[in-house]
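**Student:** Pasting a predicted model and its sequence here:
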Amino acid sequence: MIDVRKRTGEDWELNIERDEAEAFGLSFEQIVPRQCANECIFCFCKGNPETARPSLFVRDEDVRLSFLYGNYTTLTSITEDEMRRVIEQRLTPQYVSVHATDLDVRAYLLGVDRERADISSKMQRMLDAGIEIHAQVVLCPEINDREVLRRTIYDLAEMHPQVRSMAIVPLGLTRYLNDERLTAVTPEFCRRTIREVDVIQKDLRARLGTTFAFLGDEIYLRAGGTVPGRAHYGDYPQIEDGVGMVRTFENKFGALLRKLGRRPPLDFQELSGTIMTGTLFAAPLKRMVANLNEKFGTRLHVLAIENDYFGGDVSVAGLLTGGDFLAAREKVRGEFAIIPRVALKSDEPVMLDGMRLEELQQQFGVPVYAFDFTQFATALESGVEPQQAMGEAA
Ligand code: SF4
């Protein structure tokens, strides 16, 4: 039964009868995202090569997508209708890019005037209506770091628990995004930021019972260190923003090793191949895979792939392209290669440069599998011939 209110104001009650698996005969319109009206100096859309997929140029700023998928919005141009919709339909939580609570800094970063940059009353209205907010800061050295960041964290922490958490992720420069107002994130900058934020996190944990302000994994890895332990992340409120992903991966990897250790010995000696990943994740992955090799006799190699498509300091696995994998093909050792599943579109086996997985596979001398962790674990756990297991898990 569906209640329908027509544009005329007329109410209909529809009974739909259908057999199992039969279509409803009714579908909802695709959401056409609202576009942002900002000119952020670090906008990722400016960092794309011209040939990138059109979807990478979509500057969405849509409270519906924020609720549905965790997309961040800046709230600078939210309309009264949208605000009412969030409140009436309880579209909670919302994900808000705050960047800085200092209005001059926020206005500068977003390329808008101070008045538009000020979203304090909009946020307060949401919070008063019981809408929870997860906040984000894109951390730009020399602009919203140090004292500005400290102030931003404490201002937002004042609104906890309604503001549930805050992610601090580093600015990403590509060879196309090279605005001279931006300063690159360096390992030294990351180390200093970790030191400064660590003090605040300790204070907040003592007062609020939560770390509240989480640094993105990238900051720890680029500092050359390891990510914090599990307790630091609580219920991983910012996992979709790359906060705590490495910790969950390492925990799952450890659990996999323990599980494999409890099974009858498998013929892992035959399992020889190369796992390709971004330069950022290569170091922790090498440690984990070395452990696997040592315990079970596998001969797996981790290959750090440079991102030539975006250039700059782009180092995450999810932004690697077909061309990047191809450029490293001569370095592949063993009988197969694994690329990260996250480098493919979620609904289609195609990479950011438009290359399809089949094309890549045809150009490699060995089978290429696009795996996420679960598929990799399934292949190892299946107990069948390792090479066959890889094929079956793909
Ligand atoms: S709000 Fe997002 S899409 Fe819009 S300009 Fe800023 S970074 Fe770009």
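**Tutor:** Yep, it's here.

**Student:** got the residues of this structure near the ligand?
**Tutor:** For the chain, the contact set with the ligand under Cβ under 6 Å from any ligand atom comprises Cys36, Asn38, Glu39, Cys40, Cys43, Phe44, Cys45, Arg59, Glu61, Thr74. Quick note: C-beta positions are derived from backbone N, CA and C, even for glycine.

**Student:** Contacts only, for the fifth one.
**Tutor:** By Cβ atoms under 8 Å, 6 or more residues apart in numbering, Cys43 lies in contact with Arg59, Leu177.

**Student:** tell me the pLDDT at it?
**Tutor:** Looking at Cys43, its pLDDT stands at 92.

**Student:** And it, how close does it get to Val302?
**Tutor:** 33 Å (Cβ to Cβ, to the nearest Å).

**Student:** Minimum pLDDT in the residues of the chain next to the ligand, which residue is that?
**Tutor:** The member of the residues of the chain next to the ligand with the lowest pLDDT is Phe44, at 85.

**Student:** For that residue, which non-adjacent residue is spatially closest?
**Tutor:** Gly172 (7.1 Å; Cβ to Cβ, 6 or more residues apart in numbering).

**Student:** distance of that neighbour from Ser272?
**Tutor:** From Gly172 to Ser272 the distance is 34 Å (Cβ to Cβ).

**Student:** Quick one: the helices in the stretch 251-394 of the chain, in order.
**Tutor:** Assigned by DSSP state H, counting those that start in this stretch, the helices in the stretch 251-394 of the chain fall at 279-296, 322-327, 357-363, 373-381, 386-393.

**Student:** Near the closest residue to Met245 other than its chain neighbours, how many other residues are there?
**Tutor:** Closest residue in space to Met245, ignoring its immediate chain neighbours: Asp217 at 5.6 Å, by Cβ to Cβ, 6+ apart. Around Asp217 there are 25 other residues, counting by other Cβ atoms under 10 Å.

**Student:** where are the low-confidence patches of the stretch 201-350 of the chain?
**Tutor:** Low-confidence segments of the stretch 201-350 of the chain (pLDDT under 70): 264-267.

**Student:** these two touch, right, Glu358 and Glu348?
**Tutor:** No - here Glu358 does not reach Glu348: they are 11.5 Å apart, not a contact under Cβ atoms under 8 Å.

**Student:** What segments of the stretch 151-300 of the chain are strands?
**Tutor:** Ranges of strands within the stretch 151-300 of the chain are 163-170, 213-215, 272-278, 299-305, based on DSSP state E, counting those that start in this stretch.

**Student:** Deepest-packed of these, please.
**Tutor:** Among the strands of the stretch 151-300 of the chain, the stretch with the highest mean neighbour count (mean count of other Cβ atoms under 10 Å) is strand 213-215, at a mean of 26.

**Student:** Please go through this structure and pick out the longest helix.
**Tutor:** Assignment by DSSP state H gives helix 187-208 as the longest helix of the chain.

**Student:** picking that back up, are any of the residues of the chain next to the ligand buried, and if so which?
**Tutor:** Cys36, Asn38, Cys40, Cys43, Phe44, Glu61, Thr74 (16 or more other Cβ atoms under 10 Å).

**Student:** Out of those, which is nearest to Leu110?
**Tutor:** Asn38 (4.5 Å; Cβ to Cβ).

**Student:** what about that closest one, distance to Asp313?
**Tutor:** Applying Cβ to Cβ to Asn38 and Asp313 gives a distance of 23 Å.

**Student:** repeat for Ser55
**Tutor:** Distance from Ser55 to Asp313, by Cβ to Cβ: 23 Å.

**Student:** okay, the two: which has more neighbours?
**Tutor:** Counted by other Cβ under 10 Å, Ser55 and Asp313 do not tie: Asp313 has more neighbours, with 19 against 9.

**Student:** Pull the contacting residues for that one.
**Tutor:** Gly172, Leu173, Ala184, Val185.

**Student:** Quick check: the two most widely separated of those residues?
**Tutor:** Farthest pair in the contacts of Asp313, by Cβ to Cβ: Gly172 and Ala184, 9.8 Å.
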